[in-house]
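Visitor: need a structure here:
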Amino acid sequence: MAFQIAQDPAADKVLEESSFALLAGMMLDQQYPMEHAFRGPAKVLDRFGSIEPAAIAAADPEEFAALCSVPPAIHRFPGSMAARLQELARIVVDDYDGDASRLWEGVGTGSELLKRIQSLPGFGKQKAQIFVALLAKQVGVRPEGWERAVGAYAEDGYRSVADVVDGVSLQKVRDFKKAAKAAL
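Guide: Residues are numbered from 1 along each chain as shown. From the prediction side, this is the model:
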């Protein structure tokens, strides 16, 4: 399945080709429109020349923050997100040999996968559940019990980025989130 999360073919291709880009896009998806957050990795690739975790982790923090801040920035808060992105890259390098897909490949259970994702910077429980649902629905990563680990995000519907497959589904997710906020 081809990603259409960023709603930009070039940015979506980066998400398809790089497991770290997909992870980074999810990390950036906070207090920022989701399609813009998932365009962040493509912006890093265009400006930095690499989306490889080792290169990002080794980059000079000030220079990396500066390139992440160039308009259009990778996030509403480009400096703090650049630092968080480098921290995420360091974890992927140190704990997963530089390959983000090792976070989810070969994991025995959904709860184990959820725990791994939740330990990453910028991933609370809800975001980790959404990412596990995204991996299951769009990447095909379905460890035993993934549905229990993600709860309602496993259900059919339009609740999160895990359900975005085109512009129409993106709008349905927006409508769901707006209704949920109004209900509060």
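Visitor: any idea how far residue 176 is from the closest residue to residue 112 other than its chain neighbours?
Guide: Nearest non-adjacent residue to residue 112, counting by CB to CB, 6 or more residues apart in numbering: residue 143, 7.1 Å away. To be clear about C-beta, it is placed using only N, CA and C from the backbone, and glycine gets the same treatment. For residue 143, the distance to residue 176 equals 26 Å [CB to CB, to the nearest Å].
Visitor: which of these two has more neighbours?
Guide: residue 143 (20 against 15; other CB atoms under 10 Å).
Visitor: how close does the more buried one sit to residue 181?
Guide: Residue 143 is 31 Å from residue 181, by CB to CB.
Visitor: so what's the residue at minimal distance from the centre of the chain closest to, chain neighbours aside?
Guide: Geometric centre of the chain, nearest residue: residue 26, 1.7 Å, by CA atoms, centre = their mean. Leaving aside its sequence neighbours, residue 26 sits nearest to residue 131 (CB to CB, 6+ apart; 4.9 Å).
Visitor: that neighbour sits in which helix or strand?
Guide: Assigned by DSSP states H and E, residue 131 falls within helix 125-134.
Visitor: cool, and residue 86?
Guide: helix 78-96.
Visitor: how far does that helix sit from the chain's center?
Guide: 13 Å (CA atoms, centre = their mean, to the nearest Å).
Visitor: for stretch 34-49, same thing?
Guide: So, by CA atoms, centre = their mean, the centroid of stretch 34-49 is 11 Å from its chain's centroid.
Visitor: and that stretch, what's its mean pLDDT?
Guide: Predicted confidence along stretch 34-49 averages 96 (mean pLDDT).
Visitor: just to revisit the earlier point, run a quick neighbour tally on the residue nearest to residue 26.
Guide: Counted with other CB under 10 Å, residue 131 comes out at 29.
Visitor: how much space is there between it and residue 64?
Guide: From residue 131 to residue 64 the distance is 23 Å (CB to CB).
Visitor: for the residue of the chain most remote from its centre, phi and psi?
Guide: Going by CA atoms, centre = their mean, the residue of the chain most distant from its centre is residue 183, 26.6 Å out. Main-chain dihedrals, residue 183, degrees, to the nearest 10: phi -70, psi -20.
Visitor: show me where this structure has helices.
Guide: 9-17, 19-28, 34-37, 40-48, 53-58, 61-69, 78-96, 110-118, 125-134, 146-150, 167-183 (DSSP state H).
Visitor: list the buried residues in the first one.
Guide: Just to be clear, that refers to helix 9-17. Buried residues in helix 9-17, counting neighbours by 16 or more other CB atoms under 10 Å, are found at 11-12, 14-16.
Visitor: if anything else comes up later, I'll come back, but that's it for now.
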